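Q: Provided below for reference: sequence and predicted model.
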Amino acid sequence: MKKTLKKIAAVLLAALMVAACFAGCSANKDNNESTTPDTAKPAKFGIVVQTGANGAFMDMKDGIIEQMKANGYENATFDYKDAQGDPSALSTIINAMDDGSYDAIFTIGTACTQTLVNLSSDTPCFFCAVSAPV
């Protein structure tokens, strides 16, 4: 029971940290300007997992979406892709998402994050479930 609670707390904390990153990085040129995301063009986010849809990774994906919507991205689109453990499929997915059409890409797991970071992409990458991220 304690392990389950710890896992749930870790997932929620990771989602909260991702949402806080977006809230802290919002452009605010004028102090009177709202920090609400631009509603003219809905944001587009990619979410990638390599190892398949297990419970913890699905909780992370749901937590990311929930927190992003709670922070003003109600109209955003979230494009979820699962490589199902196939490294070549993962590479194809990451390369397709690195076309400049995504506002950010969320990676779940070490392999996804390494694949995206190794591209030297200009698209912001937020990650969770990564061992030794430094």
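A: Arrived safely. This one's a predicted model, so the numbers in the text were calculated from it and none came from an experiment.

Q: ok, the residue nearest the centre of the chain - contacts?
A: Among the residues of the chain, the one closest to the centroid is F106, at 2.2 Å (C-alpha atoms, centre = their mean). Going by C-beta atoms under 8 Å, 6 or more residues apart in numbering, F106 touches V18, F45, G46, I47, V48, K61, I64, C125, F126, F127, C128. All C-beta spots, glycine's among them, are computed from the backbone N, C-alpha and C.

Q: Return the backbone torsion pair for the last one.
A: The main-chain torsion angles of C128 are listed as degrees, to the nearest 10 and equal phi -150, psi 170.

Q: how many other residues sit next to it?
A: 23 (other C-beta atoms under 10 Å).

Q: same deal with D122?
A: D122: 7 neighbours (other C-beta under 10 Å).

Q: again with P42
A: Using other C-beta under 10 Å: P42 sits among 13 other residues.

Q: any idea how far it lies from G63?
A: Going from P42 to G63 by C-beta to C-beta, to the nearest Å gives 20 Å.

Q: where in this protein is pLDDT low?
A: 1-39, 53 (pLDDT under 70).

Q: Show me where it has its helices.
A: For the chain, the helices defined by DSSP state H occupy 2-24, 55-70, 87-97, 110-117.

Q: ok, and what's touching stretch 116-131?
A: Contacts with stretch 116-131, where a contact means C-beta under 8 Å, 6+ apart, come from 11, 14-15, 18, 21, 48, 56-57, 60, 64, 94-95, 97-98, 100, 102-110, 112-113, 133.

Q: which of the residues in it are buried?
A: For stretch 116-131, the neighbour count (16 or more other C-beta atoms under 10 Å) marks L116, S121, T123, C125, F126, F127, C128, A129, V130 as buried.
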